[in-house]
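Enquirer: Curious how this folds, go ahead:
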Amino acid sequence: MVKASLLLRACLLIASSYASSFSKPNPNSKLRLQQVLVVHRHGDRSPITPLKDEDFWQTQLPQSHVLEGIAKGTTLIRPPEGNPKHGAHGRGPFGQLTMMGVLQMASLGERLREEFTGTLFTDEKPLHPNRIRIMSTDFPRTIQSVQALLTGLFEGAQLENDGLPAIEIDVRRTNSYLIPDPQPRQYPTQLVLESHLAKRPHLVEKEKELNELAHRVTDALQEHLGDGAMGVSFGIGEEKSQDDVKKKQKRPLAWAQLAEILICLHSRDLLPPTLSKEDVEEVNKHVAWRWFENLSHPVLAKSAMWKFANKLVEDMEQKVACVQKRTECIEEEECDIEEPLLCIYSAHDSTLIGLLCVLQLEQPETWPEYGSYLKAELIQEDVDGKSVQHWVRFSLNGQILRSTWMRDDESNEPVEMVPLSKLSEMIHDEHDIYCEQTGTKLFTWKNGALVHTTSQ
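Expert: Modelled structure (predicted):
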């Protein structure tokens, strides 16, 4: 498998040498959309942190007949051993997709259907379950989100009643790499790395500046917090140790908790009277800054998201190989296997942030809201009827995100499309972290693995 992948990348490099530029297609070329990968955040949810008014939050959830309806025509693929449960999984009515979230995701499915009709899906290759592939983290809210999306994508038709094959939703081991903060981490040393990066002077200083805000918001939320609220633990650089849990009365809630509680309360006009919209915005702004500041470091970005990013690249490389094979086929029966036109990954806001960082894309102006989606388009460049290059273009909610690691030959600005071959190279770049005082190498990312080389 490794040899085949290396051979494919070599072929991509040879093909790309015929293109006029690595920074943009030849203006005389014909561009054809070959495949689209969509990574979306789940829809609106109840707070993950347990709150006191469980009955209210239960009323926000979809009724059982709604969930049964969106699940029709889909089947879950789980590993026999099950998946580890994450701290952000939620319990009871908490951390669950709301009815508002169901409607959001169905609307997103409709938007994608309109967007892909005539471009990705055509009369020759119409939308069909066999032409899509679904993966999801093993959280009820992400599974239900993609099920709701599918009802919009297929115009609300009940797939099983239309005689179409069931759409498989693969959740096998996805909790370990579709999020940047799996529990446990992919590499045990990632927590050590997160702790090291959190001690950087500018981060420590920022935490001191906002310490009063964290305590004030935590105090204001006390009357809302339910049993077990202080023990919830998730987020890059915010994992709680057993000592932290024992000292729960001495520390404010983690920033990730503060942000998610405030968003849920604010959207329903339930903020405590001592908190304002400005407080919500300031907390959310700081959380976004923390996540980007940590995950923008290439060693942590690779440690947290390389496996998923590499899968996305390999999915596109496999599509290129499949199209090439079909082109070379003489007998039709030799070409009855085709890579999907649309791959959908149902995940979380942290997933989107992690991918933006590891792929070195422009940062959006705002935090990805519920139902946000990152799109990667695989585009074939043809000259005189022959494929000379394959490009990848990224966007978030329809807005193009330029790749900051590659510059235009003429303007020196980040480019909107990158060659697939160069993207594959970038994903495999190696990175190190050195001690500023001694120059000793502390961490290294190499060959798809994180190594803690020495203690500081």
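
Enquirer: alpha carbons only for contacts and neighbour counts from here, please
Expert: Fine.

Enquirer: ok, now which ones touch Arg91?
Expert: 48, 50 (CA atoms under 8 Å, 6 or more residues apart in numbering).

Enquirer: at 7 Å what do you get?
Expert: Arg91 makes contact with no residue, according to CA atoms under 7 Å, 6 or more residues apart in numbering.

Enquirer: quick one: it from Pro184, how far?
Expert: Separation of Arg91 from Pro184 (CA to CA, to the nearest Å) stands at 19 Å.

Enquirer: what's the answer for Gly237, then?
Expert: According to CA to CA, Gly237 stands 14 Å off from Pro184.

Enquirer: Looking at those two, which is more packed in?
Expert: The residue with more neighbours, out of Gly237 and Pro184, is Gly237; 21 against 14, by other CA atoms under 10 Å.

Enquirer: Which secondary structure element is home to the more buried one?
Expert: Counting by DSSP states H and E, no helix or strand carries Gly237.

Enquirer: which residue sits closest to it, ignoring its sequence neighbours?
Expert: Glu194 (5.2 Å; CA to CA, 6 or more residues apart in numbering).

Enquirer: Relative to Tyr177, how far out is Pro184?
Expert: 10 Å.

Enquirer: Then Pro252?
Expert: 29 Å.

Enquirer: again with Glu293
Expert: 20 Å.

Enquirer: again with Leu300
Expert: Distance from Leu300 to Tyr177, by CA to CA: 13 Å.

Enquirer: more neighbours, these two?
Expert: Just comparing Leu300 and Tyr177: by other CA under 10 Å the higher neighbour count belongs to Leu300, 28 against 21.

Enquirer: pLDDT weak spots in this structure?
Expert: 1-23, 156-163, 239-250, 329-337, 455-456 (pLDDT under 70).

Enquirer: Which parts of it are strands?
Expert: Here the chain has its strands, by DSSP state E, at 30-41, 74-77, 132-136, 167-170, 342-347, 373-383, 386-396, 399-401, 403-407, 414-415, 417-419, 431-434, 441-446, 449-452.

Enquirer: Quick one: these as TSV, columns for distance to Gly226 and mean neighbour count too.
Expert: As requested, these are exported to TSV (distance: least, CA to CA, whole Å; neighbours: other CA atoms under 10 Å):
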stretch	distance to Gly226	mean neighbour count
strand 30-41	26	22
strand 74-77	32	16
strand 132-136	29	22
strand 167-170	33	20
strand 342-347	26	24
strand 373-383	32	22
strand 386-396	35	22
strand 399-401	39	17
strand 403-407	43	18
strand 414-415	47	20
strand 417-419	48	25
strand 431-434	41	16
strand 441-446	40	19
strand 449-452	38	18
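
Enquirer: so which of those strands comes closest to Ser267?
Expert: strand 30-41 (17.6 Å; CA to CA).

Enquirer: which helices and strands sit right next to that closest one?
Expert: Here strand 30-41 touches strand 342-347, strand 373-383, going by 3 or more CA pairs under 7 Å, 6 or more residues apart in numbering; DSSP states H and E.

Enquirer: Measure how the longest one sits relative to strand 342-347, angle-wise.
Expert: It stands for strand 373-383. Angle, strand 373-383 to strand 342-347, by axes from the mean of the first three to the mean of the last three CA atoms, to 10 degrees: 150 degrees.

Enquirer: Specify the angle between strand 373-383 and strand 30-41 in degrees.
Expert: Using the same axes, to 10 degrees: strand 373-383 against strand 30-41 is 170 degrees.

Enquirer: Using CSV, list the CA coordinates for strand 373-383.
Expert: Extracted in CSV, the C-alpha atoms of strand 373-383 (Å, rounded to 0.1, in the frame of the first residue of the first chain):
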residue,chain,number,x,y,z
TYR,A,373,-18.3,23.2,6.1
LEU,A,374,-14.8,23.1,4.7
LYS,A,375,-14.8,22.0,1.0
ALA,A,376,-11.8,20.6,-0.9
GLU,A,377,-12.4,20.5,-4.7
LEU,A,378,-10.2,18.2,-6.8
ILE,A,379,-9.9,19.8,-10.2
GLN,A,380,-8.3,18.2,-13.3
GLU,A,381,-6.5,20.5,-15.8
ASP,A,382,-6.6,19.4,-19.4
VAL,A,383,-4.6,20.7,-22.3
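
Enquirer: For that strand, give me every contacting residue.
Expert: Here strand 373-383 makes contact (CA under 7 Å, 6+ apart) with 29-41, 316, 352, 387-397.

Enquirer: again, only using 8 Å
Expert: Contacting residues not belonging to strand 373-383 are listed as 25, 28-41, 316, 352, 387-397 [CA under 8 Å, 6+ apart].

Enquirer: picking up where we left off before, and Val102, which of the helices and strands packed on strand 30-41 is closest to it?
Expert: For these, proximity to Val102 was assessed by CA to CA; strand 342-347 is nearest, at 13.3 Å.

Enquirer: Could you tell me which strands the closest one is paired with, and in which direction each runs?
Expert: Strand 342-347 has the following strand partners under DSSP bridges: strand 30-41 (parallel), strand 132-136 (parallel).

Enquirer: Return the distance of the first one from the chain's centre.
Expert: In other words, strand 30-41. Centroid separation between strand 30-41 and its chain, computed with CA atoms, centre = their mean, to the nearest Å, is 15 Å.

Enquirer: hey, C-alpha coordinates of that strand in PDB?
Expert: Extracted in PDB, the C-alpha atoms of strand 30-41 (Å, rounded to 0.1, in the frame of the first residue of the first chain):
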ATOM      1  CA  LYS A  30      -9.800  23.300 -19.500                       C
ATOM      2  CA  LEU A  31     -10.700  22.700 -15.800                       C
ATOM      3  CA  ARG A  32     -12.900  19.800 -14.800                       C
ATOM      4  CA  LEU A  33     -14.200  19.100 -11.300                       C
ATOM      5  CA  GLN A  34     -13.500  15.400 -10.400                       C
ATOM      6  CA  GLN A  35     -14.300  15.100  -6.700                       C
ATOM      7  CA  VAL A  36     -15.400  17.100  -3.700                       C
ATOM      8  CA  LEU A  37     -14.500  16.400  -0.100                       C
ATOM      9  CA  VAL A  38     -16.800  18.100   2.500                       C
ATOM     10  CA  VAL A  39     -15.800  18.300   6.200                       C
ATOM     11  CA  HIS A  40     -18.700  19.800   8.200                       C
ATOM     12  CA  ARG A  41     -19.300  20.800  11.800                       C
END
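
Enquirer: And the residue nearest the centre of the chain, how far from Ala254?
Expert: The residue lying closest to the centre of the chain (CA atoms, centre = their mean) is Thr351, at 2.9 Å. Computed with CA to CA, the distance linking Thr351 and Ala254 is 19 Å.

Enquirer: Sweet, I'm off.
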